[in-house]
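S.K.: what's the 3D shape of this:
(one chain, ligands or ions: 1)
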Amino acid sequence: MITSTDTGTLRIITAEDEHLAHNYHPLPVVISRGEGAWVTDVEGKRYLDLLSAYSALNFGHGHPAILAAAREQLDRLTLTSRAYHNDRLGPFAAALAELCGKDLVLPMNTGAEAVETGIKVARAWAYRVKGVAPDAAKIIVANGNFHGRTTTIVGFSDDPVAYEGFGPYAPGFVHVPFGDAAAIEAAIDENTAAVLIEPIQGEAGVVIPPEGYLRAVRELCTARGVLFIADEIQSGLGRVGTTFACDREGVVPDVYLLGKALGGGILPLSAVVANRDVLGVIRPGEHGSTFGGNPLAAAVGLQVVEMLASGEFQTRAAALGEHLAARLEALLGHGVTAVRVAGLWAGVDIDPAVGTGREVAERMLARGVLVKDTHGQTIRLAPPLVVRGTELDWAVEQLRHVLSV
Ligand SMILES: Cc1ncc(COP(=O)(O)O)c(C=O)c1O
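M.R.: Okay, here's the model as predicted:
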């Protein structure tokens, strides 16, 4: 990709290669500024960012209202730990609970922590409310899942790249095919605490389950006394044209797991949101995090929730998503074998005859568009929700060019 041996980009990448663990394989670009849907590299070249930090930048780079909330809070108070109260956490929790239509919020930092917290809550609920025998609780998960990188979470991934070499794995998880409600029904027994799924599987390549699946999961969980935990860390907060991906089927899970965009693209902020009969099982001292619920994150999160409460971003994602879908579908048969779109979120399967997902991402980079490959032949598009229709048109035009190489 980079041919000159004398660029700032190459110098920085070489330094990274010497001193950074190789847990990522980044595209060869070094970004130093961002504004809205655009970023600029160290040499001044601009790129349209169609990845949005894996949907953590739903509101774009440097959204003025989010920056203002952060700046104002930076000058007042940033961290207390939960050993004391702080004056930002209560308003944030109240606003987020209202957005979710739930009673309680448990704030954490990263997505994986929210998932771990959801697992603990489900197990505690199973033992303390449902009456499951000690250490017998089971959680049903879907094949193709991606819920994060902790040892427990990778232990129930079925992707060898995620789990191989990191065992022994925590027991208590049962796999079923994604999109198959009958398989969940067959897997539920008296020890089942929860069904944990992504309503749309992001890392798997924006895999959308068949219509009716989420409703069936909701009905099954209610009928069988099992918690429905929706991991909306990537799919939630406006991305798919509704506040949550579960809204697409008019479904409310028992537990929302939220993260990424909740932190406004500024800092890590995640949360578990549920009603008191579920989240109330956690007692003082049983769970926590030094940074979870810090006033800086709470101030940013409050601003994010207020922006979502207006519905403006959801409406924009829905309208622009239809626009994007029409343009991507026109590429079917022209280097693209399948397109899956939900709001402003798209998985595009690349015909191996024109290259791998990585090769397409590198060719797009050369044309000033940032996208990321996933699972070999797929590229994922998750533009900031502030992107313009004309910018999407231009990006799809670049894709058409790189596919015809
Ligand atoms: C659905 C889902 N859950 C959890 C996570 C983990 O989030 P984090 O990387 O913040 O730990 C991700 C990250 O991509 C995700 O997509």
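S.K.: Buried residues in stretch 269-280, which are they?
M.R.: In terms of neighbour count (16 or more other CB atoms under 10 Å), stretch 269-280 has its buried residues at Leu269, Ser270, Ala271, Val272, Val273, Ala274, Asn275, Val278, Leu279, Gly280. In this view, the C-beta of every residue, glycine as well, is placed from N, C-alpha and C.
S.K.: what separates the fifth one from Ala230, distance-wise?
M.R.: With distances defined as CB to CB, to the nearest Å, the gap from Val273 to Ala230 amounts to 10 Å.
S.K.: anything in contact with each of the two?
M.R.: Between them, Val273 and Ala230 share these contacting residues under CB atoms under 8 Å, 6 or more residues apart in numbering: Val255, Tyr256.
S.K.: Quick check: the residue of this protein nearest the ligand.
M.R.: Taking CB to the nearest ligand atom as the measure, the chain has Gly111 as its residue closest to the ligand, at 2.2 Å.
S.K.: Pull out the buried residues from stretch 289-306.
M.R.: Applying 16+ other CB under 10 Å to stretch 289-306 flags 289, 291-305 as buried.
S.K.: what's the most distant pair in those?
M.R.: Ser289 and Gln303 (21.0 Å; CB to CB).
S.K.: Return the subset of the buried residues of stretch 289-306 lying in helices.
M.R.: Among these, the ones falling in helices (DSSP state H) are Pro295, Leu296, Ala297, Ala298, Ala299, Val300, Gly301, Leu302, Gln303, Val304, Val305.
S.K.: Show the contacting residues for the last one.
M.R.: In other words, Val305. Phe92, Ala95, Leu96, Leu99, Leu262.
S.K.: Which elements pack onto the host helix or strand of Leu67?
M.R.: Under the criterion of DSSP states H and E, Leu67 resides in helix 64-74. With contacts taken as 3 or more CB pairs under 8 Å, 6 or more residues apart in numbering; DSSP states H and E, helix 64-74 sits against helix 295-309.
S.K.: starting at the chain centroid, how far to the helix it packs on?
M.R.: In terms of CA atoms, centre = their mean, to the nearest Å, the centre of helix 295-309 is set 17 Å apart from its chain centre.
S.K.: With the ligand in mind, check whether it reaches it.
M.R.: No - contact of helix 295-309 with the ligand (CB under 6 Å from any ligand atom) is absent, the minimum separation being 13.1 Å.
S.K.: pull the CA atoms of that helix into CSV?
M.R.: The C-alpha coordinates for helix 295-309 follow below in CSV (Å, rounded to 0.1, in the frame of the first residue of the first chain):
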residue,chain,number,x,y,z
PRO,A,295,-18.9,11.7,36.1
LEU,A,296,-17.1,12.4,32.9
ALA,A,297,-18.5,9.4,31.1
ALA,A,298,-21.9,10.1,32.7
ALA,A,299,-22.0,13.6,31.4
VAL,A,300,-21.1,12.4,27.9
GLY,A,301,-23.6,9.5,28.1
LEU,A,302,-26.3,11.9,29.2
GLN,A,303,-25.7,14.1,26.1
VAL,A,304,-25.8,11.0,23.9
VAL,A,305,-29.1,9.8,25.4
GLU,A,306,-30.6,13.3,25.0
MET,A,307,-29.6,13.3,21.3
LEU,A,308,-31.2,9.9,20.8
ALA,A,309,-34.3,10.9,22.7
